[in-house]
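Asker: sequence below, structure please.
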Amino acid sequence: MFCFPQVDLRHKDEVEGTNRVEIGIDLSEFYLSVEWDILDVPAIRNEKFYTCCEEPYIDITFNISMRRKTLFYTVNLIIPCMGISFLTVLVFYLPSDSGEKVSLSISILLSLTVFFLLLAEIIPPTSLVVPLLGKYLLFTMILVTLSICVTVVVLNVHFRYEFLNISIQVCFSHR
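Answerer: Next up, the predicted model:
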């Protein structure tokens with residue numbers, strides 16, 4: 001997501017009898033991109049002589065350096081993902097008597113699933129690598145699932161405390 005790609009473009013002169021090729025790119029009609037900034041466009045003029053001909057074969061190599069604009073992805077993907085992850089920790093802060101622990105955990109898991117589907121639509125489809133944000137979301141979904149399991153166990157122990165046998169009461173008592 002935060003890469004600086006470089007593109008090499010080569011322009012060859014195909015007109016016979018000319019050995020003059022202009023160096024440069026006219027950016028007057030360049031359409032500004034909302035995702036990329038062009039940092040630099042250096043050009044290198046190359047002349048190559050072949051045994052068949054006396055005149056040189058000329059080409060120009062442009063090395064276009066670009067930078068991805070990251071504000072859109074930071075505001076719309078990374079910050080909400082961190083916020084949803086923070087809510088998972090708050091589930092354990094809720095008291096067991098409130099009755100909203102499991103529903104909050106399931107709502108967080110549902111929002112992570114919807115967020116992961118949204119991410120799958122934005123990124124290009126590939127089966128070679130999983131993006132770092134996708135790995136983070138999958139890891140967070142696993143942790144939220146474990147959080148739901150732990151919350152269910154805590155609620156089960158909390159509400160069935162009177163009915164547990166004496167040995168279990170001794171293990172979980174605060175005395």
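Asker: tell me how far the residue most central in space within the chain lies from residue 78.
Answerer: The chain has residue 133 as the residue nearest its centroid, 4.0 Å off, counting by Cα atoms, centre = their mean. Separation of residue 133 from residue 78 (Cβ to Cβ, to the nearest Å): 7 Å. In short, each C-beta sits where N, CA and C put it, glycine included.
Asker: before we move on, back to that, got a list of what the residue nearest to the centre of the chain touches?
Answerer: Listed by Cβ atoms under 8 Å, 6 or more residues apart in numbering, the contact set of residue 133 reads 1, 77, 78, 81, 119.
Asker: tell me who's in contact with the third one.
Answerer: In this structure, residue 78 makes contact with residue 133, judged by Cβ under 8 Å, 6+ apart.
Asker: quick one: it is in a strand?
Answerer: No - Residue 78 sits outside any strand when classified using DSSP: H, G, I helix; E, B strand; the rest coil, being helix.
Asker: right, and the pair among the contacts of residue 133 with maximum separation?
Answerer: Farthest-apart pair in the contacts of residue 133 is 1 and 81; separation 12.5 Å (Cβ to Cβ).
Asker: run me through the strand neighbours of the lengthiest strand in the chain, direction for each.
Answerer: Ranked by residue count and defined by DSSP state E, the top strand of the chain is strand 57-68. Under the criterion DSSP bridges, strand 57-68 sits next to strand 6-12 (antiparallel), strand 36-40 (antiparallel), strand 43-48 (antiparallel) in its sheet.
Asker: avg pLDDT for stretch 99-108?
Answerer: The average pLDDT within stretch 99-108 is 86.
Asker: could you point out the longest helix of the chain?
Answerer: helix 132-159 (DSSP state H).
Asker: hmm, back to that, quick one: which of the contacts of residue 133 is nearest residue 127?
Answerer: Among these, residue 119 lies closest to residue 127 (Cβ to Cβ), at 15.6 Å.
Asker: in three-state terms, label the closest one for me.
Answerer: Applying three-state DSSP: residue 119 is helix.
Asker: phi, psi of the residue sitting furthest away from the middle of the chain?
Answerer: Distance from the centre of the chain peaks at residue 54, with 53.3 Å (Cα atoms, centre = their mean). In terms of degrees, to the nearest 10, the main-chain angles of residue 54 are phi -90, psi -30.
Asker: from residue 121, how far out is it?
Answerer: As defined by Cβ to Cβ, residue 54 lies at a distance of 58 Å from residue 121.
Asker: can you pull out the low-pLDDT segments for the protein?
Answerer: Residue ranges of the chain with pLDDT under 70: 1-24, 161-175.
Asker: let's see it at 90
Answerer: 1-78, 80-82, 84-105, 112, 115-138, 140-141, 143-144, 147-175 (pLDDT under 90).
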